[in-house]
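1. Okay, here's the prediction I keep looking at, along with the sequence it came from:
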Amino acid sequence: MLFWQLWSEFLLDWSLTKRYWFNQVAGLLASVLFFYSMVLGLRNLAPKDLSALGLDLGPLLLLFTAFSLVVATFQSVAYNVQSEAARGTLEHLGLARGGLLRQLLLRALVQGFAGITSSLLTLLPLVLLLGVRLTPAPWWPLGLLPLYLAALGFALGMGALALQFKQVDGFFTIVQFLFLPYFFSLVRFEPWMGPLPFAPGAYLLRLAFTGEEVSPGLLLLALVQALLFLGVGLLAMAWVYAGVRRRGLLGRY
């Protein structure tokens, strides 16, 4: 039954992608133009090239990819809650086998796969436009996993806010603008940054696409942090879900 629920969510996501393909393409183009215009602006500030500002375009591009993946993931659960609540179907979703939390988690996994695909589709044209040379290691998909799991845990925490407050777009805008300088500050990664949120996963992604050697300690730290984020997000979502059900606020927009 779990497989069919997951398959149904995949079919739903695929149907929405085909129906709103223009918006999907426009979103990818917007991401490409955003980073490309930012690089052009930085080049205009530099006397010669970006190295004069102490920046390497390759790591900068990969950190932007990590930022795009995290932002797309952390909004997904809350936006599903908002859209279902606006349509008046949130309580119906809670009647699915396994309950609301399982259904939202399965949907988040499917949308996470779509988000990873979108991030890679954004990365490829930027690599060609900017002339960045990447040498992905054979294990590069493993470099995506801890970052995505950490982002999914954060998304579940944000989903808990959406269950309680329903409209959280303004707060998400604040978080998104805080994430942008934060992720770009990780371009010059230092060992002390390892415990910072998303830092080991983002650095692991960078190493995966540049073919550099990865220490077992970094991989373990990234996985432990990802599982910690995921566990905390699940607990927050379950706690708020129980509260809104008890007070009869689940379906009220």
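-> Looks like it arrived, so ask away.

2. Okay, now the unreliable bits of the stretch 1-150 of the chain?
-> 1, 42-55 (pLDDT under 70).

3. again, only using 80
-> Along the stretch 1-150 of the chain, segments meeting pLDDT under 80 span 1-3, 38-59, 86-89, 94-96, 98.

4. What helix or strand is residue 195 located in?
-> Under DSSP states H and E, no helix or strand contains residue 195.

5. Next up, the contacts around it.
-> Remark: with contacts taken as Cβ atoms under 8 Å, 6 or more residues apart in numbering, residue 195 is in contact with 221, 225. Any C-beta I mention is one placed from the backbone N, CA and C, and that applies to glycine too.

6. ok, it to residue 123 distance?
-> 27 Å (Cβ to Cβ, to the nearest Å).

7. Residue 210 now?
-> Distance of residue 210 to residue 123, given as Cβ to Cβ: 13 Å.

8. intersection of neighbour lists for those two?
-> Overlap of the contact sets of residue 210 and residue 123 (by Cβ under 8 Å, 6+ apart) consists of residue 62.

9. between these two, which one's more packed in?
-> Set residue 210 next to residue 123 and count neighbours by other Cβ atoms under 10 Å: residue 123 wins out with 22 against 17.

10. In which helix or strand does the nearest residue to residue 78 once chain neighbours are set aside reside?
-> Leaving aside its chain neighbours, residue 78 sits nearest to residue 162 (3.7 Å; criterion: Cβ to Cβ, 6 or more residues apart in numbering). Using DSSP H and E, residue 162 sits in helix 140-165.

11. Can you spell out which helices and strands pack onto that helix?
-> When contacts are defined as 3 or more Cβ pairs under 8 Å, 6 or more residues apart in numbering; DSSP states H and E, helix 140-165 packs onto helix 57-74, helix 76-87, helix 99-130, helix 169-185, helix 199-210, helix 216-246.

12. Reformat the ones you listed into JSON lines and put distance to residue 21 next to each item.
-> Converted to JSON lines, the helices and strands packed on helix 140-165 look like this (distance: least, Cβ to Cβ, whole Å):
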{"stretch": "helix 57-74", "distance to residue 21": "17"}
{"stretch": "helix 76-87", "distance to residue 21": "19"}
{"stretch": "helix 99-130", "distance to residue 21": "13"}
{"stretch": "helix 169-185", "distance to residue 21": "24"}
{"stretch": "helix 199-210", "distance to residue 21": "27"}
{"stretch": "helix 216-246", "distance to residue 21": "31"}
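
13. closest one to residue 23 among the ones you listed?
-> Relative to residue 23, the nearest member of these by Cβ to Cβ is helix 99-130, separated by 11.9 Å.

14. Show me which residues of the closest one are buried.
-> 100-101, 103-108, 110-112, 114-116, 118-119, 122-123, 126-127, 130 (16 or more other Cβ atoms under 10 Å).
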